[in-house]
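Novice: Model the structure of this input:
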Amino acid sequence: MNKENNTSISICILRLSAIGDVTHIIPIVSTLQKYYKKADITWVIGKTEYELVKMLDNVNFIVIDKNKTLDSVIGMHKYLRKENFDIVFHMQKSLRSKFLGRIINGKINVTFNDIKTNNNHVLDNFFAFLEKINIQTKELNWQTNKVLTSCDSFIDAAIIEELKPFVAINPFTSERVNNYREWDYDNYGTIAEYLFNEYSIKTVFIGKTTEERKNNFLKHIKVSSKLLNLINKTSLGEMLSVLNMSEFYIGPDSGTLHMANMLALPIIGLYATSNPKRTGAYSSLEYTVDRYEEAVDRFSKKTVEKTKWGERVRDKRAMKLILLDDVKLMIKKILSN
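Specialist: A predicted model of the protein is given here:
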């Protein structure tokens, strides 16, 4: 185990997005703060993602608005032009991040080219950056006492309290082309009915999506007092607060799943098109419904062993491999513990 270091050191972390990956950076910050008692940490981050972590102590943020990249770059250059960090962690591979990385000066620069990423969870890949500066410990601290905010701006917290016990579900994932990570919407209505009829547990639907997708989803859900629809009605901080009040979480591979992981919630992750060993809920993999290997075999026509680590199954039929009984089994497993 590494000893704490009292050396004054300046560190820059470049990770703009997305929500799930940003949640993984928080333990990296915690580990650095634990190891370096006099660490001066600067985090270059996206505007949306900043809302989730802005309350972290002793972190300087440079916020990049993706819709105003040029203005953000000019502001960043003015702020950093005289700065020469002791260490810069380039923790994103996007073209925008590579461009931004060129205007950050560092005595030591660590990039993905410097670490081994094979067969690791994304969070462990980020910890591998710290190994390059001889930090071997992992501080799995998401500083949730800092990032949690009250949920009183969108709804009376008493209404949420009255719903208890409830399960939080975000059925949506990002709208990238050929994403195919979403489970059939009908299934969530069935699961909500099952939770209430078998366990007297209600359901709160959360998440952010287009109005069209939201309305399409709600067509598949029977409105009742057993359900609360908060889709598109919360900020990231408010969503985290709702998650914090829930019994457990159900959903596909998304940023919300990793937000739930921050809170040490039991998480039923629904995985068929992406590999949960790489992107699953880090602290709750035991409850994952994992059909990835079967999906690779059936739709990619090859074995997992011959599949590139992190490769996704680009077939909309894959998520149908996840059965209602699979999810019910995990619900029973959680509630029997």
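Novice: contacts and neighbour counts: CA atoms only from here.
Specialist: OK.
Novice: Could you confirm residue 268 falls within a strand?
Specialist: Yes: counting by DSSP: H, G, I helix; E, B strand; the rest coil, residue 268 is found in a strand.
Novice: Count the residues that sit near it.
Specialist: Other residues lying near residue 268 total 28 when counted by other Cα atoms under 10 Å.
Novice: for it, what are its contacts?
Specialist: Residue 268 is in contact with 248-251, 284, 287-289, 327, 330-331, counting by Cα atoms under 8 Å, 6 or more residues apart in numbering.
Novice: Give me the residues contacting stretch 27-39.
Specialist: Residues contacting stretch 27-39 (Cα under 8 Å, 6+ apart): 2-11, 41, 126-127, 130, 135, 137-143.
Novice: Filter those down to the buried ones and hand me the ChimeraX line.
Specialist: Under the burial definition 16 or more other Cα atoms under 10 Å, those of the contacts of stretch 27-39 that qualify are selected in ChimeraX by:
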select :10,11,41,126,127,130,135,137,138,139,140,142,143
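Novice: quick one: which of the contacts of stretch 27-39 sit in helices?
Specialist: With DSSP state H as the criterion, helices contain 126-127, 130 from among the contacts of stretch 27-39.
Novice: Identify, from those, the entry nearest to residue 234.
Specialist: Proximity of those to residue 234 was ranked by Cα to Cα; the top entry is residue 126 with 29.0 Å.
Novice: what about the helices in the stretch 51-200 of the chain?
Specialist: Ranges of helices in the stretch 51-200 of the chain, per DSSP state H, counting those that start in this stretch, are 69-80, 95-101, 122-131, 144-147, 157-163, 185-199.
Novice: which of these is buried the deepest?
Specialist: Highest mean neighbour count among these (mean count of other Cα atoms under 10 Å): helix 122-131, with a mean of 19.
Novice: Now do that one, average pLDDT.
Specialist: Taken as a whole, helix 122-131 has a mean pLDDT of 98.
Novice: swap in stretch 67-78?
Specialist: In this model, stretch 67-78 carries a mean pLDDT of 83.
Novice: close enough to count as contact, residue 220 and residue 189?
Specialist: Yes: contact criterion Cα atoms under 8 Å: residue 220 and residue 189 qualify, at 6.9 Å.
Novice: what about residue 222, which helix or strand?
Specialist: Assigned by DSSP states H and E, residue 222 belongs to no helix or strand.
Novice: should've said residue 38
Specialist: Per DSSP H and E, residue 38 falls inside strand 36-46.
Novice: Taking helix 69-80 as reference, get the angle to that strand.
Specialist: For strand 36-46 against helix 69-80, the angle by axes from the mean of the first three to the mean of the last three Cα atoms, to 10 degrees is 160 degrees.
Novice: Which residues does stretch 95-112 contact?
Specialist: Against stretch 95-112 from outside (Cα under 8 Å, 6+ apart): 14-16, 73, 77, 80-81, 83-93, 129, 132.
Novice: cool, stretch 286-301 as well?
Specialist: Residues from elsewhere that reach stretch 286-301 (Cα under 8 Å, 6+ apart): 266-276, 280-281, 302-304, 313, 315, 318, 321-322, 326-327, 330, 333-334.
Novice: avg pLDDT for it?
Specialist: 95.
Novice: Mind putting the contacts of residue 268 into JSON lines with distance to residue 196 and secondary structure?
Specialist: As requested, the contacts of residue 268 are arranged in JSON lines below (distance: Cα to Cα, whole Å; DSSP: H, G, I helix; E, B strand; the rest coil):
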{"residue": "248", "distance to residue 196": "14", "secondary structure": "coil"}
{"residue": "249", "distance to residue 196": "15", "secondary structure": "strand"}
{"residue": "250", "distance to residue 196": "15", "secondary structure": "strand"}
{"residue": "251", "distance to residue 196": "18", "secondary structure": "strand"}
{"residue": "284", "distance to residue 196": "23", "secondary structure": "coil"}
{"residue": "287", "distance to residue 196": "20", "secondary structure": "helix"}
{"residue": "288", "distance to residue 196": "21", "secondary structure": "coil"}
{"residue": "289", "distance to residue 196": "21", "secondary structure": "strand"}
{"residue": "327", "distance to residue 196": "15", "secondary structure": "helix"}
{"residue": "330", "distance to residue 196": "15", "secondary structure": "helix"}
{"residue": "331", "distance to residue 196": "12", "secondary structure": "helix"}
